[in-house]
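1. Dropping a prediction and its sequence here:
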Amino acid sequence: MSGGTRDMRGADPLLLVDTATTQAVIALGSPDGTSIESRCWVAGYRHGEELLAQIEALLGDRHVAPTDLAGIVVGTGPGAFTGLRVGLATVKALAHALGLPVVGVATGRALIDAAARASGLPAAAIVLVQPAGLSDRVLSRQGMLPRILPGGTDPDLDAGEQLVAVDLAGRAPSDAIARGDAALTGLGAAMMAIGARRLAAGDADDLARLVPEYVTLPRGVQSGPPEGGVALSGGIGGARPA
């Protein structure tokens, strides 16, 4: 891994950061994936104004110095440009400065796991939809690549499947939105569990190759490597204007 080779040690905590949705999530967890404390707030598109201060506050309140951390887990999307760019850039800067291993976890996968836990259904029964621009949505299923669902198109549900909608108020059935809210509540714990397993196995990501899954880009932004070393992904089904 480039940017740091510090190993996992004892009970040193893990830091989690996810900015793929309009609700930013940060958390501290133990190396076995047990959540110590999770905090979330409605960031909208103001992640850059609040994220680092929120991380500093969490570490300070828990009396954890940045050098005490054993690794970082970061959500990689699918999500919109602003939040993902801020989250990945912040995590990469911290990891490089502190020599920490980083694991990128697909936010969609973690949301599916969280929705499954909340509903008592298997993860294979969860069909997740998130926004992709003003009218399209991105659809995720366990073990399958996410894909764009064009505006006006509803997902086909098999028998026993359950629709979970995140950040889609007014654009999805109310019961699916309620299940999405429950998934967001459990997002930090689900992502921490996935990331901790990978870190414990030594399966850290290369910082230079860790890129987000964008589903929307601001007007005029082209897919390509921006400053700061955070590469742009073409997104799920191609980048689309915000």
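-> Yes, it's here.

2. Just want the phi and psi numbers for Pro101.
-> Backbone torsions of Pro101, given as degrees, to the nearest 10, read phi -70, psi 150.

3. For the remainder of this discussion, apply numbering that starts at 41.
-> OK, 41 is where the count begins now, so the last one is Pro141.

4. Tell me where this protein has helices.
-> Here the chain has its helices, by DSSP state H, at 87-101, 121-138, 147-159, 214-225, 227-240.

5. and those as a markdown table, adding distance to Val206, mean pLDDT and mean neighbour count?
-> (C-beta placed from N, C-alpha, C; glycine too.) Converted to a markdown table, these look like this (distance: least, Cβ to Cβ, whole Å; pLDDT from 0 to 100; neighbours: other Cβ atoms under 10 Å):
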| stretch | distance to Val206 | mean pLDDT | mean neighbour count |
| --- | --- | --- | --- |
| helix 87-101 | 16 | 90 | 15 |
| helix 121-138 | 13 | 94 | 22 |
| helix 147-159 | 6 | 97 | 24 |
| helix 214-225 | 4 | 97 | 18 |
| helix 227-240 | 9 | 97 | 23 |
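
6. Now distance to Leu250 too, for the ones you listed, in a markdown table please.
-> Formatted as a markdown table, the helices of the chain follow (distance: least, Cβ to Cβ, whole Å):
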| stretch | distance to Leu250 |
| --- | --- |
| helix 87-101 | 17 |
| helix 121-138 | 7 |
| helix 147-159 | 14 |
| helix 214-225 | 23 |
| helix 227-240 | 12 |
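
7. Out of those, the one nearest Val113 is which?
-> Nearest to Val113 among those is helix 227-240 (3.0 Å), distances taken as Cβ to Cβ.

8. For Leu224, list the residues it contacts.
-> 61, 63, 65, 80, 151, 154, 206 (Cβ atoms under 8 Å, 6 or more residues apart in numbering).
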